[in-house]
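Q: Prediction below, plus the sequence it came from.
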Amino acid sequence: QVQVVESGGGLVQPGGSLGLSCAASGPIFSIHAMGWYRQATGKQRELVAHITGDGNTNYADSVKGRFIISRDNARNTVNLQMNSLKPEDTAVYYCNLRVATNNNRYAPLDYWGQGTQVTVSS
């Protein structure tokens with residue numbers, strides 16, 4: 001069974017930085033796209049940043065120039081470096097991975113982490 005675990009959330013002051021990490025383990029053959037989503041209280045989950053298997057990235061307009069997504073294929077991890085944080089960045093952050101398992105190499109599935117809270121407040 002593929003497991004996805006996030007880490008790195010917490011409390012940070014406005015203007016500060018925080019890094020999130022997401023690691024996948026289990027019978028993984030390959031990981032295609034990786035993404036970070038967030039859900040603020042009372043709002044729908046939204047895409048924050050996305051990185052394809054060959055490293056192409058895209059970002060929500062609200063985080064462009066402040067957040068950086070990266071991946072380490074050897075470690076099956078995806079990271080999100082968040083800079084110049086604002087109170088409106090407060091949310092639960094989730095990583096999403098499209099994973100092809102050893103037993104299902106040609107039909108990848110989406111796996112989600114459990115979420116990590118990021119709070120930006122003075």
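A: In hand now; what should we look at?

Q: my guess is residue 92 meets residue 39, correct?
A: Yes. Counting by C-beta atoms under 8 Å, residue 39 is a contact partner of residue 92 at 5.3 Å. For glycine as for every other residue, the C-beta is placed from the backbone atoms N, C-alpha and C.

Q: The two: who's more crowded?
A: residue 92 (18 against 14; other C-beta atoms under 10 Å).

Q: Can you tell me the closest non-neighbouring residue to the more buried one?
A: residue 115 (4.4 Å; C-beta to C-beta, 6 or more residues apart in numbering).

Q: and the one you found, what is it in contact with?
A: By C-beta atoms under 8 Å, 6 or more residues apart in numbering, the contact set of residue 115 is 6, 39, 92, 93, 94.

Q: give me phi/psi at the residue of the chain most remote from its centre?
A: Distance from the C-alpha centroid of the chain peaks at residue 103, with 24.9 Å (C-alpha atoms, centre = their mean). With angles defined as degrees, to the nearest 10, residue 103 sits at phi -90, psi 0.

Q: close enough to count as contact, it and residue 27?
A: Yes. In terms of C-beta under 8 Å, residue 103 counts as a neighbour of residue 27; the distance is 6.7 Å.

Q: distance of the spatially most central residue of the chain from residue 59?
A: Central residue of the chain (C-alpha atoms, centre = their mean): residue 36, 2.8 Å from the mean position. As for residue 36, its distance to residue 59 is 10 Å (criterion: C-beta to C-beta, to the nearest Å).
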